[in-house]
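**Q** Give the three-dimensional model of this entry:
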Amino acid sequence: MRRIYIAFSVIGLFVILIASSCSSTKETVAISDDEKMAFRQKEGDTVKIASDDTEYEIIIIEPGFNFWLQSVARPRNFYTQSYMENRNNIFVTNYNQRVMQPFQYDPNLYELQINYNPHTDYGYEVNYKLYNYFIYFQRKYNQRLGPFVPRI
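**A** I've put the predicted structure just below:
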């Protein structure tokens, strides 16, 4: 009888651990007044992401992004290029997967795939603006494109 009790206790503990790990513990991210102002903008900003050193460019049409980039985002050279490349690779992969699943993810948010090759050197400026766009996108639309909370 004692063995059954011990086995039941271990199974009960295991069930409790699984149940507690499955519960949603969503971290809330504080949003500043400047960020709220950027999120409320309705007119489209057009931000051209290009590097003088490379032939690559991205055009982002998103209301408030340019204001957010100038007033809220970390300044240039805060992150290393390799840090942003690693994060951009994760963000692009998850973003593109969501584009391919329009019945599961909002097709108005995930419209077109992003052609980002992790083995291509896009330069600092392209990676900086793309990284910050993903942070902006995740914070504005309450999305998670990676295993980490999008912070500024």
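
**Q** where along this structure do the helices fall?
**A** 2-22, 33-40, 65-71, 81-99, 124-140 (DSSP state H).

**Q** tell me the average confidence for the shortest one?
**A** Translated: helix 65-71. Mean per-residue pLDDT for helix 65-71: 87.

**Q** Would you mark the buried spots in it?
**A** Phe65, Asn66, Phe67, Trp68, Leu69 (16 or more other C-beta atoms under 10 Å). Using the backbone N, CA and C atoms, a C-beta is placed for each residue, glycine as well.

**Q** that older thread, out of the helices of the chain, which gets the lowest mean score?
**A** helix 2-22 (a mean of 43).

**Q** Contacts only, for His119.
**A** Under the criterion of C-beta atoms under 8 Å, 6 or more residues apart in numbering, the contact list for His119 is empty.

**Q** One more: Ile135?
**A** Ala73, Pro150, Arg151, Ile152.

**Q** I'd like these laid out as CSV, including distance to Thr120 and neighbour count.
**A** Shown next, in CSV, are the contacts of Ile135 (distance: C-beta to C-beta, whole Å; neighbours: other C-beta atoms under 10 Å):
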residue, distance to Thr120, neighbour count
Ala73, 23, 20
Pro150, 24, 19
Arg151, 27, 11
Ile152, 27, 16
